[in-house]
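Colleague: how would this look folded up:
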Amino acid sequence: MGIIHIIGLGPGNYRDITAGALELLQSCLPIYFRTEIHPVVAELRKKGIVFESFDRVYEQSKDFDTVYQTIAEEILRIANVRDVVYAVPGHPLVAEQSVLNILSMAKASGTEVRVLPAVSFLDVMFSALQIDPVNGLMVLDGLQLDKQKFDIKLPMVITQVYNPQMAANVKIRLMDDYPDEYQVAVVRAAGVPDEERVDWVPLYELDRLPWINHLTSVYLPACFGQGVRRDYDLTPLVEVMDKLRSPGGCPWDLEQTHASLKRYVVEEVYEVLEAIELGDMDKLCDELGDLLLQIVFHARIAEEHDNFSVQDVVDGVTAKMLRRHPHVFDDGVAATPDEVMVNWERIKLTEQAGQQRASRLDGVPAGLPALMRAFKLQAKAQKVGFDWEKIEDVWKKVSEEIAEFKEVYHQKNSDKMEAELGDLLFAVVNVARFAGIEPETALTRTNNKFLKRFRCMEEAALERGYKIEKLPLKQLDELWNEAKGHETA
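Modeller: Numbering: from 1, shown residues only. Sure, this is the predicted structure:
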């Protein structure tokens, strides 16, 4: 069994070929080039170097994966008989899938492989662009870009941008994350005398350069600031909150605690509900951002006390969604929304099996708004069969509570009035539950409707030269009905 010698031909300048590689090229061993489409090939032929190339495999194969696999298999077949030299452009271990395939197959078969160091295209790109990669650099394959993850806050080199069509594919993928106007460097034949070219262009023009060829790569500097598009990346917001909570940050933010922030969480939730009720998508986007800020704020405080981080929050809820949707992410079955809810509650009970609760009604937060809390308490009681059988019984209960409230109202007993009004509202929540309506949302909708109509009344009074507080009830009723009419229209 022979030895596989893998060498790099450098980025394109004959002078960049190493002495070790030249020694193997001038040996009597069989030599195979992945491709002879490389600037140094003409000079090697002048030197009398004899070789075979695998360009024929490119013409016969349906895709690049097949090309690289076929090449690896042929090199291993030759190595079963004798030593062989396999040469690739650049460095053998920089963006060379065929070499990785050979290494994997050779390890499985026990074949010895010797990889010689070489000058890569990255080395000459650093010189052409005058950059230092010490602070980080990502190298991606343009052919695999849709399968690879990258961080736009790191500089990036994309290889195999070998024609305008490939450049168009790369551009479309990058424009999901970078601004259209973002300046990128297109580098062709770096380090090759008379052929090297570096042009800085806006990303949207990447595929409009007619001189792009097989020696072309694209460089993107680290991307920060306005106009940057990210896929659900919380990092910028987390970084802002870290700065606000750091020494020398904002005095107000620094003194906040979980307890002091409770009121703001509630306020933001109601502002989200208001935006939904108004159907105002710009406002909804803004309010969801404010609500998200509260989540990040609490996570930051928790992290300072070594409790959990925002990543733990994201990981936890993601795992919960996967766990509670086995009909989507596993082999569970749930064909209807009702079946989904049955599964949800069953899985939830399994998760809570180790938690001891004194009552079936535990788990409803005391800090919820009263209507919402009543709704949830009733729903929990219903699960153990403690409920009205039909809505007609609930109507009767509402009528009873109205009568009882009227009775204590005439007695002018404020304590009893408060108790009976609470009973009446609790009965009305039962009506909402039987009707499938969330009472908190319903009341929020009515509040917003009242607000809108009253503002319309104020505007109408002002247009007619009236002070609304001076108008008699009859005229106020007329303005109210007018506002209702405008709303209907």
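Colleague: how close does the closest residue to Leu44 other than its chain neighbours sit to Arg15?
Modeller: Of all residues not flanking Leu44 in the chain, Leu25 sits nearest, at 6.7 Å (C-beta to C-beta, 6 or more residues apart in numbering). Every residue, glycine included, has its C-beta placed from N, CA and C. Relative to Arg15, Leu25 is positioned 14 Å away (C-beta to C-beta, to the nearest Å).
Colleague: more crowded one of those two?
Modeller: Using other C-beta atoms under 10 Å, the more surrounded residue of Leu25 and Arg15 is Leu25, with 21 against 10.
Colleague: Surely the more buried one and His5 touch.
Modeller: No - here Leu25 does not reach His5: they are 10.1 Å apart, not a contact under C-beta atoms under 8 Å.
Colleague: Now the common contact residues for the two.
Modeller: Common contacts of Leu25 and His5, defined by C-beta atoms under 8 Å, 6 or more residues apart in numbering, comprise Val85.
Colleague: Just confirm Leu145 contacts Arg173, I think it does.
Modeller: Yes - with contact defined as C-beta under 8 Å, Leu145 counts as touching Arg173 (5.0 Å).
Colleague: What residues sit buried inside the helix or strand where Leu443 lies?
Modeller: Leu443 is part of helix 439-463, with elements assigned from DSSP states H and E. Within helix 439-463, the residues that qualify as buried are Pro439, Glu440, Thr441, Thr444, Arg453, Cys456, Met457, Ala460, Ala461, counting by 16 or more other C-beta atoms under 10 Å.
Colleague: And stretch 363-374, by the same measure?
Modeller: Neighbour-count burial for stretch 363-374, counted by 16+ other C-beta under 10 Å, picks out Val364, Leu371, Met372, Arg373, Ala374.
Colleague: do stretch 210-218 as well
Modeller: Ile212, Leu215, Thr216, Ser217, Val218.
Colleague: and if you look at stretch 8-15?
Modeller: Buried residues in stretch 8-15, defined by neighbour count with 16+ other C-beta under 10 Å: Gly8, Leu9, Gly10, Pro11, Gly12, Asn13, Tyr14.
Colleague: Ok, stretch 114-126 next?
Modeller: Neighbour-count burial for stretch 114-126 [16+ other C-beta under 10 Å]: Val115, Leu116, Ala118, Val119, Ser120, Phe121, Leu122, Asp123, Val124, Met125, Phe126.
Colleague: quick one: the strands in the stretch 201-350 of the chain?
Modeller: With DSSP state E, counting those that start in this stretch, the ranges of strands along the stretch 201-350 of the chain come out as 216-220.
Colleague: That one: helices as residue ranges?
Modeller: Along the stretch 201-350 of the chain, the segments classed as helices by DSSP state H, counting those that start in this stretch run 235-245, 251-254, 262-278, 281-304, 310-323, 326-329, 337-351.
Colleague: Off-centre distance for the last one?
Modeller: In other words, helix 337-351. Averaging C-alpha positions (C-alpha atoms, centre = their mean, to the nearest Å) puts helix 337-351 27 Å from its chain's average.
Colleague: for the second one, same thing?
Modeller: In this view, helix 251-254 has its centroid 29 Å away from the chain centroid, taken as C-alpha atoms, centre = their mean.
Colleague: What helices and strands are in contact with that helix?
Modeller: helix 235-245 (3 or more C-beta pairs under 8 Å, 6 or more residues apart in numbering; DSSP states H and E).
Colleague: Looks like Met125 contacts Arg188 (just checking).
Modeller: No - with contact defined as C-beta under 8 Å, Met125 does not reach Arg188; the gap is 10.7 Å.
Colleague: Spell out which residues make up each domain of this protein.
Modeller: 3-119, 123-220, 235-351, 370-437, 442-488 (automatic domain parsing).
Colleague: Arg360 is nearest to which of the ones you listed?
Modeller: Closest to Arg360 of those is domain 370-437 (C-beta to C-beta; 5.8 Å).
Colleague: hmm, back to that, which positions within the helix or strand that comes right after the helix holding Leu443 qualify as buried?
Modeller: Of the helices and strands lying after helix 439-463 in sequence (DSSP H and E), the nearest is helix 473-488. If you call a residue buried by 16+ other C-beta under 10 Å, then helix 473-488 has these buried ones: Leu479, Trp480, Ala483.
Colleague: Please produce TSV containing the buried residues of stretch 363-374, extended by distance to Ser309.
Modeller: Converted to TSV, those look like this (distance: C-beta to C-beta, whole Å):
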residue	distance to Ser309
Val364	28
Leu371	34
Met372	29
Arg373	30
Ala374	35
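Colleague: and of those residues, the nearest to Asp194?
Modeller: Met372 (74.6 Å).
Colleague: Run through the stretch 251-400 of the chain and note the low-pLDDT ranges.
Modeller: Along the stretch 251-400 of the chain, the parts satisfying pLDDT under 70 run over 353-358.
Colleague: And the spatially closest residue to Gln294 that is not a sequence neighbour, how close does it get to Val187?
Modeller: Excluding the flanking residues, the one nearest Gln294 by C-beta to C-beta, 6+ apart is Val265, at 4.9 Å. Using C-beta to C-beta, Val265 is found at 50 Å from Val187.
Colleague: ditto for Val313
Modeller: Counting by C-beta to C-beta, the gap from Val313 to Val187 is 42 Å.
Colleague: Which of the two has more residues huddled nearby?
Modeller: Val187 (23 against 16).
Colleague: Next, that one: secondary structure please.
Modeller: strand (DSSP: H, G, I helix; E, B strand; the rest coil).
Colleague: Next up, the contacts around it.
Modeller: Here Val187 is in contact with Met125, Ala128, Leu129, Glu196, Arg197, Val198, Thr216, Ser217, Val218, Tyr219 (criterion: C-beta under 8 Å, 6+ apart).
Colleague: With distance to Ser61 and pLDDT as extra columns, can I get those in a markdown table?
Modeller: Listed next are those as a markdown table, based on distance: C-beta to C-beta, whole Å; pLDDT from 0 to 100:
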| residue | distance to Ser61 | pLDDT |
| --- | --- | --- |
| Met125 | 28 | 93 |
| Ala128 | 32 | 93 |
| Leu129 | 33 | 94 |
| Glu196 | 31 | 94 |
| Arg197 | 30 | 95 |
| Val198 | 32 | 96 |
| Thr216 | 22 | 95 |
| Ser217 | 23 | 95 |
| Val218 | 25 | 96 |
| Tyr219 | 30 | 97 |
